[in-house]
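Peer 1: just a sequence and a predicted model for now, questions to come.
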Number of protein chains: 2
Amino acid sequence: MIPRPLPRVLLLAALAFLAPAAVGTAAAQGAANARRPAWVLVIHGGAGAIRREDMSPEMEAEYRARLSASLTAGSDVLKGGGKALDAVEAAINVLEDSPLFNAGKGAVFTHNGQNELDASIMDGSTKNAGAVAGVHHVKNPISLARLVMEKSPHVLLAREGAEEFALEQGMALEPASYFFTESRWRSLMRVREREAAQSQGAEPEKGDRTSSAALPPALGTVGAVALDQGGHLAAGTSTGGMTDKSWGRIGDSPIIGAGTFADDASCAVSGTGHGEFYMRNVVAYDICARVRYLHEPLEDAARKVVMEELVQQHADGGVIALDPAGNTAWPFNTAGMFRGKVAADSGPEIKIYAEGSDGDR
Amino acid sequence: MIPRPLPRVLLLAALAFLAPAAVGTAAAQGAANARRPAWVLVIHGGAGAIRREDMSPEMEAEYRARLSASLTAGSDVLKGGGKALDAVEAAINVLEDSPLFNAGKGAVFTHNGQNELDASIMDGSTKNAGAVAGVHHVKNPISLARLVMEKSPHVLLAREGAEEFALEQGMALEPASYFFTESRWRSLMRVREREAAQSQGAEPEKGDRTSSAALPPALGTVGAVALDQGGHLAAGTSTGGMTDKSWGRIGDSPIIGAGTFADDASCAVSGTGHGEFYMRNVVAYDICARVRYLHEPLEDAARKVVMEELVQQHADGGVIALDPAGNTAWPFNTAGMFRGKVAADSGPEIKIYAEGSDGDR
């Protein structure tokens, strides 16, 4: 553990003297600590232009069922006294194995018609982390990220090298055909047709991105954050990146601090959205830095970063966040975010559309 | 600009009430602001086991001459009213073009006998950023990182994809032979021999890492931070990675927040050291977060992260840091760090060994 420097004590004392409102919050936090749930799990399946009118009841039921299965897999670990890290991996594996989300099986196609998968995981108790970027043949990139964390001296491995490491660890690789899904392939074809039309000077199709029955191209990154009975946090994120991406682009999902961060001393975060802005704003760590340095309640910290800073930069996305007291937050600045949570004393709860909308039935 | 939330004001008021020492510091900062130098440039050429007894006078003179040339290239830009971003790129280009540092021309070899170069650059005025990882044929990776920032919608491009982008931008690629340097090749051979000996059960050679006339394998990442006459900050970092690295390992240098960060609202940082720890601790952004949220003087923030947090984790390295008032810091927890600074009103100053040692003549 890192010893807390004196100034932090001073700041707290100063706050207690001058800011009764903040003291109220601190007291509320204390009360929250007193009734901290034994364990908590929060998951997401991507944020974006998810509107009820674009979603058939059957499709929505499929998403809900898979999110529910993910919560069950993760909470089974936590109920049994297992580690937050294991719960995060188990919950994400369920989402990676589904064609519904842009991760693992359901990964989108790059410009060259390949699937390039990224993932990262972080253990809040040790601040150890592992990540992989641009792998083509790994069924569960989050599990490979965990092997990188536990079995290599490194944090981030990329592309063929990461697959070489996977083989050395005895992980079976999948043929590229495993990742083929008709709907993702059609997404790539649509984007290519649009590009071709635009390069021939045609007007972009009106409402092309929002009125399509298909979900927007970048949607569907998955992630999980967990608090275990030992009081430890973990976070993980897994993605198939952007449809039609080229030049070996790496987004925020495999970047510790940008798409994923966990530290028992502050919080655990997994993000989903316009990755470049998550990288430039170091979004996941910034939320935890606000908690750590400003002692902002988790919900305020997450809201400020997602609903103020990212919005000011016109950056779409959302996060899930969890602190050691079991407080949770899941702000998003898009129409919807696939998300779910369950705790020892509440849930499971699954939502898709904005809070307060009548979309969630 | 991001509006400052109320708690920040409260914290300052609270500090003013309870911590006269901190107020003194704030006043001193104000005075420093009043006499802010018109421009400032700080560079580094890597931190590590750099000891005077291991360094011949000729070798030391070569290092000093090249660091001096780098300061001249960057300060020429700043004197003429040029941008911090241009100064950072110019200063790093000079170091990349030298075989002395582990970046560009002098990059170390991977396990497979290749050179894999990483770099990143960030503009503090826009918080835009660009980075490349694992390129094999790019003479000046920092300049490619800048093209990624300015000419692509992405932040981080990797490997062949990044080189494809370079070609599309009209950048000439170099053959692998350009990066061949006898001393780096010998380093790889030494590491391989050691590995072979160890795998046959031999004792590791005593003092192998420190008594060798050659510099340690990971040493020599280069970086620069600059403040221009317009008051804008920029930061950049370029590296050849780790000798004998495998599995497509990516370190902290191309990771925004870990090895590089710049924001006019807080500070600019470039790091050099054990990259995995820089990634897990989000070192570059953490220093700026301390400045931004705790209002720590830059020197305190940089010192706490490098001399306390990294040291507690047994992680070697250093950083260079610069704030909008022109304050600078260059803490390192190793025997030495190649470093230099120059400002409109002072310098140039070049140092290699620890402060207070009689090593720097």
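Peer 2: Noted; the coordinates are in hand.

Peer 1: please make it C-alpha for all contacts and neighbour counts, starting now.
Peer 2: Noted.

Peer 1: which ones are touching the residue in the stretch 251-361 of chain A that chain B sits nearest to?
Peer 2: Closest residue of the stretch 251-361 of chain A to chain B, C-alpha to the nearest C-alpha: residue A:276 (5.7 Å). Under the criterion of C-alpha atoms under 8 Å, 6 or more residues apart in numbering or on different chains, the neighbours of residue A:276 are A:251-252, B:154-155.

Peer 1: can you report how many residues lie near residue A:249?
Peer 2: Applying other C-alpha atoms under 10 Å in any protein chain shown, we find 23 residues neighbouring residue A:249.

Peer 1: over to the one 3 residues further on?
Peer 2: When counting by other C-alpha under 10 Å, one arrives at 33 neighbours for residue A:252.

Peer 1: circling back: wait, is the residue of the stretch 251-361 of chain A closest to chain B part of a strand?
Peer 2: No: going by DSSP: H, G, I helix; E, B strand; the rest coil, the assignment for residue A:276 is helix, not a strand.

Peer 1: which two in the contacts of residue A:276 are spaced the farthest apart?
Peer 2: Using C-alpha to C-alpha, the two most remote members of these are A:252 and B:154, lying 10.6 Å apart.

Peer 1: for residue A:233, give me phi and psi.
Peer 2: Note on residue A:233: backbone dihedrals following degrees, to the nearest 10 are phi -100, psi 160.

Peer 1: ok so, going back, of the contacts of residue A:276, which is the most crowded?
Peer 2: Within those, residue A:252 tops the neighbour count with 33 neighbours, counted by other C-alpha under 10 Å.

Peer 1: show me what the longest helix belonging to chain A is packed against.
Peer 2: Among the segments of chain A that qualify as a helix by DSSP state H, the longest is helix A:57-79. Here helix A:57-79 touches strand A:40-48, helix A:84-96, strand A:336-343, strand A:346-353, going by 3 or more C-alpha pairs under 8 Å, 6 or more residues apart in numbering or on different chains; DSSP states H and E.

Peer 1: how about a cut-off of 6 Å?
Peer 2: With contacts taken as 3 or more C-alpha pairs under 6 Å, 6 or more residues apart in numbering or on different chains; DSSP states H and E, helix A:57-79 sits against helix A:84-96.

Peer 1: tell me where chain A has helices.
Peer 2: Here chain A has its helices, by DSSP H, at A:6-18, A:20-34, A:57-79, A:84-96, A:141-151, A:159-168, A:182-199, A:208-211, A:275-280, A:283-294, A:298-303, A:310-312.

Peer 1: out of those helices, which gets the lowest mean score?
Peer 2: Confidence, taken as mean pLDDT, is least for helix A:208-211 of the helices of chain A (a mean of 33).

Peer 1: quick one: the closest residue to chain B within the stretch 201-350 of chain A and residue B:148, what's the gap?
Peer 2: Using C-alpha to the nearest C-alpha, the closest approach of the stretch 201-350 of chain A to chain B is made by residue A:247 at 3.5 Å. Relative to residue B:148, residue A:247 is positioned 10 Å away (C-alpha to C-alpha, to the nearest Å).

Peer 1: ok, and what's touching stretch A:45-65?
Peer 2: Residues from elsewhere that reach stretch A:45-65 (C-alpha atoms under 6 Å, 6 or more residues apart in numbering or on different chains): A:213, A:219-222, A:272, A:317-318, A:334-338.

Peer 1: ditto for stretch A:240-249
Peer 2: Under C-alpha under 6 Å, 6+ apart, the answer for stretch A:240-249 is A:102-103, A:107-111, A:116-117, A:188, A:217-218, B:156-158, B:161-162, B:165.

Peer 1: what residues does chain A put near chain B?
Peer 2: Residues of chain A found near chain B (C-alpha under 6 Å from any C-alpha of the partner chain) are A:14, A:155-158, A:161-162, A:165, A:247-250, A:276.

Peer 1: list just the nearest of those to residue A:296.
Peer 2: Nearest to residue A:296, judged by C-alpha to C-alpha, of the residues of chain A next to chain B is residue A:14 at 14.9 Å.

Peer 1: off-centre distance for the longest helix of chain A?
Peer 2: From the chain centre to the centre of helix A:57-79 is a distance of 16 Å (C-alpha atoms, centre = their mean, to the nearest Å).

Peer 1: what do you get for stretch A:72-89?
Peer 2: Offset of stretch A:72-89 from its chain centre (C-alpha atoms, centre = their mean): 17 Å.

Peer 1: and residue A:39, what is it in contact with?
Peer 2: The neighbours of residue A:39, taking C-alpha under 6 Å, 6+ apart as the test, are A:227-229, A:343-344.

Peer 1: kindly recompute the last result at 10 Å.
Peer 2: When contacts are counted by C-alpha atoms under 10 Å, 6 or more residues apart in numbering or on different chains, residue A:39 touches A:75, A:78-79, A:81-84, A:226-233, A:324-326, A:342-345.

Peer 1: list buried residues within the residues you listed.
Peer 2: Using 16 or more other C-alpha atoms under 10 Å in any protein chain shown as the burial test, these include A:75, A:78-79, A:82-84, A:226-229, A:231-233, A:324-326, A:342-344 as buried.

Peer 1: ok, back up a step: and for residue A:252 and residue B:154, which residues touch both?
Peer 2: Residues touching both residue A:252 and residue B:154 (C-alpha under 10 Å, 6+ apart) are A:275-277, A:279.

Peer 1: can you redo those residues as CSV with distance to residue A:65?
Peer 2: Formatted as CSV, the shared contacts of residue A:252 and residue B:154 follow (distance: C-alpha to C-alpha, whole Å):
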residue, distance to residue A:65
A:275, 27
A:276, 31
A:277, 31
A:279, 32
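
Peer 1: what is the most widely separated pair among these?
Peer 2: The two members of the shared contacts of residue A:252 and residue B:154 with the most space between them (C-alpha to C-alpha) are A:275 and A:279, at 6.3 Å.

Peer 1: give me the common contacts of those two.
Peer 2: Joint contacts of residue A:275 and residue A:279 (C-alpha under 10 Å, 6+ apart) are A:251-253, A:255, A:258-259, B:154-155.

Peer 1: so who does the spatially closest residue to residue A:83 that is not a sequence neighbour touch?
Peer 2: Closest residue to residue A:83 apart from its sequence neighbours, by C-alpha to C-alpha, 6 or more residues apart in numbering or on different chains: residue A:228 at 5.8 Å. Residues near residue A:228 by C-alpha under 10 Å, 6+ apart: A:37-41, A:75, A:77-87, A:234, A:324, A:326, A:343-344.

Peer 1: likewise residue A:108?
Peer 2: Residue A:108 is in contact with A:99, A:101-102, A:114-117, A:179-181, A:183-188, A:217-220, A:239-245, counting by C-alpha under 10 Å, 6+ apart.

Peer 1: switch the cut-off to 7 Å
Peer 2: If you count contacts by C-alpha atoms under 7 Å, 6 or more residues apart in numbering or on different chains, residue A:108 has them with A:102, A:115, A:184, A:240-243.

Peer 1: need the max-distance pair from these.
Peer 2: Maximum distance among those (C-alpha to C-alpha): 11.9 Å, for A:184 and A:241.
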